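Next comes the sequence, and after it the predicted model I'd like to discuss.
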Amino acid sequence: MLRIPPTVTQTPSLFQKVHCDTMIMSLASNKCKYIVHARDSLLSWPEARALQNENAKAIAIWFFEDVICKWGCPYKIVTDNGGPWVAVIQWLKDKYGITGIRITLYNSQANGKIERGHWDLRQALFKATSGNSRKWFYFLPHVL
């Protein structure tokens with residue numbers, strides 16, 4: 001029998017390692033079509049915001065306001081290879097010295113912490129809006 005020892009991950013504190021991604025919502029709500037989403041590696045605490053456009057500037061402003069200003073500057077951020085995220089990672093590295101970890105293409109399991117969180121967030125929004133998908137913008141702060 002092959003015995004594989006357990007892998008122990010170490011995260012020193014809250015929001016020292018953050019998993020981030022962008023969700024595309026099927027229906028726009030209050031002119032917003034995207035949810036930018038981050039989860040803490042230690043406790044899976046979510047931070048999210050609705051965005052009208054998925055661009056590096058909007059994501060960088062959100063990350064600064066909702067993650068850095070609330071929780072402090074993380075050591076590592078794990079993202080996919082999406083165009084806006086590549087630019088955000090470079091900006092965060094230059095400005096704050098944050099190490100960016102980009103997962104390989106078509107391997108969303110490598111960022112499973114956030115990918116699973118997308119499903120939970122969508123389900124919570126669906127239930128909070130009683131199935132009216134056009135109102136998710138108004139309920140996003142409540143389901144977090």
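The structure has been received and is ready for your questions.

packing partners for the longest strand anywhere in the chain?
Looking across the chain with DSSP state E, the single longest strand is strand 17-29. Under the contact criterion of 3 or more CB pairs under 8 Å, 6 or more residues apart in numbering; DSSP states H and E, strand 17-29 touches strand 32-40, strand 76-79, helix 83-96, helix 112-128, helix 136-143. Every C-beta, even on glycine, is put in place using the N, C-alpha and C of the backbone.

if you set the cut-off to 10 Å instead, what comes out?
Judged by 3 or more CB pairs under 10 Å, 6 or more residues apart in numbering; DSSP states H and E, strand 17-29 is in contact with strand 32-40, strand 46-51, helix 56-62, strand 76-79, helix 83-96, strand 99-102, helix 112-128, helix 136-143.

CA atoms of that strand as PDB?
Extracted C-alpha coordinates of strand 17-29, given in PDB (Å, rounded to 0.1, in the frame of the first residue of the first chain):
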ATOM      1  CA  LYS A  17      -2.600  34.500   1.200                       C
ATOM      2  CA  VAL A  18      -5.600  35.500  -0.900                       C
ATOM      3  CA  HIS A  19      -7.400  33.600  -3.700                       C
ATOM      4  CA  CYS A  20      -9.000  35.900  -6.300                       C
ATOM      5  CA  ASP A  21     -11.100  35.600  -9.400                       C
ATOM      6  CA  THR A  22     -13.900  37.300 -11.400                       C
ATOM      7  CA  MET A  23     -17.400  35.900 -11.800                       C
ATOM      8  CA  ILE A  24     -19.400  36.700 -14.900                       C
ATOM      9  CA  MET A  25     -23.100  36.900 -14.000                       C
ATOM     10  CA  SER A  26     -25.600  35.700 -16.600                       C
ATOM     11  CA  LEU A  27     -27.800  38.800 -16.100                       C
ATOM     12  CA  ALA A  28     -26.700  42.300 -15.500                       C
ATOM     13  CA  SER A  29     -28.000  44.000 -12.300                       C
END
